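K.L.:
here is a sequence together with a model predicted from it:
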Amino acid sequence: MEEQRLSAEEPIFDKRRHPAKTLSLGIQHVLAMYAGAIIVPLIVGNALDLTTEQLTYLIAIDLLACGVATLLQVFGNKYFGIGLPVMLGCAFQAVGPMIIIGSEHGMSVIYGSIIASGLFVVLFSGLFGKLITVFPPVVTGSVVTIIGLTLIPVALNDLAGGQGSDDFGSPLNLALGFGVLLFIILMNRFSTGFLRSISVLLGLILGTLAAAAFGGLNLIPLQEAGWFRAPQPFYFGTPEFKLTPILTMILVAIVSVAESTGVFMALGKIVGKDVNSKDLSRGYRAEGIAIVIGGIFNSFPYTTYSQNVGLVQMSRIKTRDVIVVAGSLLILIGFVPKIAALTQLVPSSVLGGAMVALFGMVVSSGIRMLGDQVDLNRHENLFIIACSVGIGLGVTTVPNLFAQLPDWIRILADNGIVAGSLTAIILNLLFNGLKQNKAVSLQTGETAEGHAA
């Protein structure tokens with residue numbers, strides 16, 4: 001009976017609450033994660049030069065898959081799903097790797113890698129407690145920091161108008177980009193609660209309106225988008241499987257699982273549930289299934305969003321019916337390309353201004369992990385961070401560093417995130433062994449996505 005506590009102890013729906021209030025609370029959860037959900041396909045789609053039609057599909061299917069992934073976790077059973085009021089969204093740390101893989105190998109390899117990483121999580125969900133011992137905070141913090149640093153150039157290129165654009169670095173683009181960044185900064189300084197949680201979304205809206213005032217708005221995507229479109233498996237073609245991209249996405253998936261552990265534990269305390277290892281395994285398995293679904297329908301890997309955990313704590317509404325409504329709304333929105341096309345109105349410079357804050361928060365999220373959970377007075381830990389971040393950033397900024405080495409070395413060395421992550425894992429085992437690795441991410445309730453979105 002203990003194994004079913006999280007999924008069966010309480011009913012999903014609170015019959016005492018008026019349906020209108022449940023609906024409004026669900027909408028609030030959607031708004032809290034909406035900016036994080038839509039900005040990932042916008043960033044990846046723009047970086048990979050997708051067509052208007054392709055980008056509209058990517059945004060729509062992403063929202064739909066967010067809803068499906070959320071419901072997988074909420075409706076917990078003995079096989080998968082943690083049965084807590086948790087929402088899932090795009091794994092933000094996958095943005096950089098997806099852009100790199102797509103630029104080098106194409107879209108089909110991206111989704112082959114995502115499917116493989118999801119299967120990896122599903123197959124090894126029961127053993128992740130042991131596997132995560134090689135991902136203590138000193139490793140996960142370093143990896144998240146590396147991912148954030150590799151994304152900063154993408155943000156600045158977009159802020160200037162998009163690499164290769166005719167108006168790159170124009171005063172208007174710089175004014176829009178830095179204006180949005182300033183707005184987000186002021187919102188985080190002077191607002192609190194829900195307004196602060198949607199500061200990025202508000203910044204994108206106001207920045208887009210400002211661009212419209214200067215005639216910088218392209219309405220073609222909205223005009224061409226239809227009102228309904230069913231999901232299409234393998235929209236970007238048959239998935240291809242290559243070792244280096246697969247290893248990259250597996251590393252991203254492991255980091256996501258490690259961070260989700262903290263979210264599960266924190267949420268369990270908020271709602272008064274004891275989360276045990278079997279509960280965690282079911283949660284990991286649902287996350288893996290969500291990643292596979294993302295690969296099949298050509299969207300993204302999915303992970304828990306900590307800003308929605310904050311909403312649970314703030315609203316004090318701990319039943320799962322609110323999250324069921326939120327997930328269902330996301331699925332409904334995902335079937336309507338017109339809604340997805342609205343997000344394409346955001347100009348590159350406006351998006352870039354928001355991305356500076358978002359990607360910077362990924363970096364600060366990694367630094368916070370290191371500061372809060374790692375003993376920085378130990379020279380060994382400082383050395384691990386220094387070498388792994390140095391290697392990861394170095395390989396990213398000097399992509400031809402290993403061009404003349406054999407292919408079997410380049411498989412692991414050509415990607416900055418993989419190279420930096422492996423450096424952190426190896427050095428941690430060398431200096432710390434497994435003696436300090438038992439508390440991996442169990443003390444943290446925030447993720448890179450939570451900070452970013």
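P.N.:
Received it, and whenever you're ready, just let me know what you need. Numbers count the residues shown, from 1 in each chain.
K.L.:
what sits against Ile114?
P.N.:
Contact partners of Ile114, counting by CB atoms under 8 Å, 6 or more residues apart in numbering, are Ala94, Met249, Ile291, Val292, Gly294, Gly295, Phe300, Pro301. No exception for glycine: its C-beta is placed from N, CA and C like everyone else's.
K.L.:
number of residues surrounding the last one?
P.N.:
Read it as Pro301. For Pro301, the neighbour count with other CB atoms under 10 Å is 32.
K.L.:
and what of the fifth one?
P.N.:
Neighbour count for Gly294, taken as other CB under 10 Å: 28.
K.L.:
for stretch 243-255, which positions count as buried?
P.N.:
For stretch 243-255, a neighbour-count test (16 or more other CB atoms under 10 Å) marks Thr244, Pro245, Ile246, Leu247, Thr248, Met249, Ile250, Leu251, Val252, Ala253, Ile254, Val255 as buried.
K.L.:
what's the answer for stretch 350-367, then?
P.N.:
By 16+ other CB under 10 Å, the buried positions in stretch 350-367 come out as 350-367.
K.L.:
what's around Ile152, how many residues?
P.N.:
Ile152, neighbours per other CB under 10 Å, totals 16.
K.L.:
isn't it up against Gly360?
P.N.:
Yes. Counting by CB atoms under 8 Å, Ile152 touches Gly360, with 7.3 Å between them.
K.L.:
verify the stated contact: Ile367 with Ile146.
P.N.:
No. Counting by CB under 8 Å, Ile367 stays clear of Ile146, with 11.5 Å between them.
K.L.:
about what we covered before: any chance of the buried residues of stretch 243-255 in CSV, plus distance to Leu48 and pLDDT?
P.N.:
Output for the buried residues of stretch 243-255, formatted as CSV (distance: CB to CB, whole Å; pLDDT from 0 to 100):
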residue, distance to Leu48, pLDDT
Thr244, 18, 84
Pro245, 14, 88
Ile246, 19, 91
Leu247, 20, 87
Thr248, 16, 84
Met249, 16, 89
Ile250, 21, 88
Leu251, 21, 81
Val252, 17, 83
Ala253, 21, 86
Ile254, 24, 81
Val255, 22, 75
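K.L.:
any regions of the stretch 101-250 of the chain where pLDDT drops low?
P.N.:
129-135, 164, 193-194, 197-198, 216-218, 220-222, 224-225 (pLDDT under 70).
K.L.:
all helices of it, in order?
P.N.:
107-123, 128-131, 137-159, 171-190, 193-197, 199-213, 220-224, 243-271 (DSSP state H, counting those that start in this stretch).
K.L.:
which of those sits most buried?
P.N.:
helix 137-159 (a mean of 25; mean count of other CB atoms under 10 Å).
K.L.:
that helix - contacts with which helices or strands?
P.N.:
Applying 3 or more CB pairs under 8 Å, 6 or more residues apart in numbering; DSSP states H and E, we find helix 137-159 packed against helix 19-47, helix 95-105, helix 171-190, helix 243-271, helix 348-373, helix 379-397, helix 416-431, helix 448-452.
K.L.:
how far off helix 107-123 does the fourth one point, in degrees?
P.N.:
Relative orientation of helix 243-271 versus helix 107-123 (axes from the mean of the first three to the mean of the last three CA atoms, to 10 degrees): 50 degrees.
K.L.:
which neighbouring elements make contact with helix 243-271?
P.N.:
For helix 243-271, the packing partners by 3+ CB pairs under 8 Å, 6+ apart come out as helix 95-105, helix 107-123, helix 137-159, helix 277-296, strand 302-304, helix 306-315, helix 407-413, helix 416-431.
K.L.:
now the angle from it to helix 95-105?
P.N.:
With the same axes, to 10 degrees as the basis, helix 243-271 and helix 95-105 are set at 160 degrees to each other.
K.L.:
what does the fifth one give?
P.N.:
Relative orientation of helix 348-373 versus helix 95-105 (the same axes, to 10 degrees): 120 degrees.
K.L.:
same deal with the first one?
P.N.:
Per the same axes, to 10 degrees, the angle that helix 19-47 makes with helix 95-105 is 40 degrees.
K.L.:
what comes up buried for helix 19-47?
P.N.:
Neighbour counts using 16+ other CB under 10 Å place 22, 25-26, 28-30, 32-47 of helix 19-47 among the buried residues.
K.L.:
C-terminal to that helix, what's the next element?
P.N.:
helix 52-74 (DSSP states H and E).
K.L.:
show the contacting residues for Ser117.
P.N.:
For Ser117, the contacting residues are Ile246, Met249, Ile250, Val252, Ala253, Ile291, Pro301, by CB under 8 Å, 6+ apart.
K.L.:
let's have those in a markdown table, adding distance to Pro136.
P.N.:
Below are the contacts of Ser117 laid out as a markdown table (distance: CB to CB, whole Å):
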| residue | distance to Pro136 |
| --- | --- |
| Ile246 | 24 |
| Met249 | 21 |
| Ile250 | 18 |
| Val252 | 17 |
| Ala253 | 17 |
| Ile291 | 23 |
| Pro301 | 22 |
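K.L.:
nearest to Ile205 among those?
P.N.:
Relative to Ile205, the closest of these is Pro301; by CB to CB it sits at 26.8 Å.
K.L.:
which residues touch that closest one?
P.N.:
Counting by CB under 8 Å, 6+ apart, the residues that Pro301 touches are 90-91, 94, 114, 117-118, 249, 252-253, 256, 290-291, 294-295.
K.L.:
next one: phi and psi at Gly161?
P.N.:
phi 120, psi 0 (degrees, to the nearest 10).
K.L.:
and the gap between the nearest residue to it once chain neighbours are set aside and Thr52?
P.N.:
Nearest non-adjacent residue to Gly161, counting by CB to CB, 6 or more residues apart in numbering: Asn173, 4.1 Å away. Separation of Asn173 from Thr52 (CB to CB, to the nearest Å) stands at 20 Å.
K.L.:
tell me which of the helices of the stretch 101-250 of the chain lies nearest to Leu280.
P.N.:
Closest to Leu280 of these, according to CB to CB: helix 243-271, at 6.2 Å.
K.L.:
who are the contact partners of Leu84?
P.N.:
So Leu84 contacts Leu6, Gln73, Val74, Gly76, Phe264, Leu267, Gly268, Val271, Lys273, Val275, Gly283, Arg320 (CB under 8 Å, 6+ apart).
K.L.:
let me know the closest of the residues you listed to Ser388.
P.N.:
Looking across the contacts of Leu84 and measuring by CB to CB, the closest to Ser388 is Phe264, at 26.3 Å.
K.L.:
show me what contacts the closest residue to Met355 other than its chain neighbours?
P.N.:
Distances taken as CB to CB, 6+ apart place Ala155 nearest to Met355, at 3.6 Å, with adjacent residues excluded. Applying CB under 8 Å, 6+ apart, we find Ala155 in contact with Gly352, Met355, Val356, Leu358, Phe359.
K.L.:
what is the neighbour count of Gly371?
P.N.:
The burial count for Gly371: 12, using other CB under 10 Å.
K.L.:
ok, the one 5 residues further on next?
P.N.:
The number of residues packed near Leu376 is 11, by other CB under 10 Å.
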